[in-house]
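Chemist: Here is the input, now give the coordinates:
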Amino acid sequence: MELILPILLFAISAAITPGPNNIMLMASGLNFGIQKSIPHLLGVTIGFPIMVILIGLGFEIVFEKYPLLHEIIKIAGIIYLAYLAWRIATSARQSLDDAKPIPFRFWQAVLFQWVNPKAWVMATGAIAAYTSISADFFNQVLIIALTFMLVAFPCSGSWLVFGSSLKRFLQKPAYQQAFNVTMALLLIISILPVISELISQT
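Modeler: Coordinates of the predicted model:
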């Protein structure tokens, strides 16, 4: 129980700071609005706690035994994030009211957590820091997952709302294009540490 407050503070700081999920939600809020982006937000809110639980149940042991599998997932994640950055950067080819691309669906956002480098760092870091073998390990992991679920909706949701609120200021397609290119660049910057780590290991 004494770890609940530290876990809560860690979860809030991790969920509110820039990362692939929040950058993509902000771009989705601008391009598709809040209502159409709710499945994306729910996918993040529910998908990450599921990831925490599964890692806590043994996925981390699997990756320790087969480190190449983890490296493959990292590389796939980098490629996929680069593709998403390109998609965000090129999504503003028409006016906001006539936007045709489809926002992230719920299951897309859930599965995206597994190729999100920040999600891996958050999940493994939280489990390593806030669990103890002297107590019920599964209950500890469950508390961490539930804490992240509680804070993810308002924290990541604030990025979605902010992106949507920019819509009235970015009615011109050129302004929206500039915004999307900026979001795409931030998305690329967010995965640079992972790229650097992979290069250093070769």
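Chemist: ok, Phe106 - contacts?
Modeler: Neighbour list for Phe106: Pro39, His40, Leu42, Gly43 [criterion: CB atoms under 8 Å, 6 or more residues apart in numbering]. Backbone N, C-alpha and C define where each C-beta goes, glycine included.
Chemist: burial count for the second one?
Modeler: In terms of burial, His40 registers 24 neighbours under the definition other CB atoms under 10 Å.
Chemist: Helices of the chain, residue ranges please.
Modeler: 4-16, 20-54, 60-65, 67-89, 106-112, 117-130, 137-165, 173-190, 192-201 (DSSP state H).
Chemist: returning to what we had before: for Tyr83, state which of the contacts of Phe106 is nearest.
Modeler: Tyr83 lies nearest to His40 out of these, by CB to CB, at 16.5 Å.
Chemist: Tell me the confidence at that closest one?
Modeler: Per-residue pLDDT puts His40 at 96.
Chemist: quick one: the closest residue to it other than its chain neighbours from Asn31, how far?
Modeler: Leaving aside its sequence neighbours, His40 sits nearest to Phe104 (CB to CB, 6 or more residues apart in numbering; 4.0 Å). In this structure, Phe104 and Asn31 are 11 Å apart, going by CB to CB, to the nearest Å.
Chemist: One more: Phe138?
Modeler: 40 Å.
Chemist: Compare these two (neighbour count), which wins?
Modeler: Using other CB under 10 Å as the criterion, Phe138 and Asn31 rank with Asn31 on top: 24 against 12.
Chemist: wait, doesn't the more buried one sit right on Asn180?
Modeler: Yes. Applying CB atoms under 8 Å, one finds Asn31 in contact with Asn180, separated by 7.3 Å.
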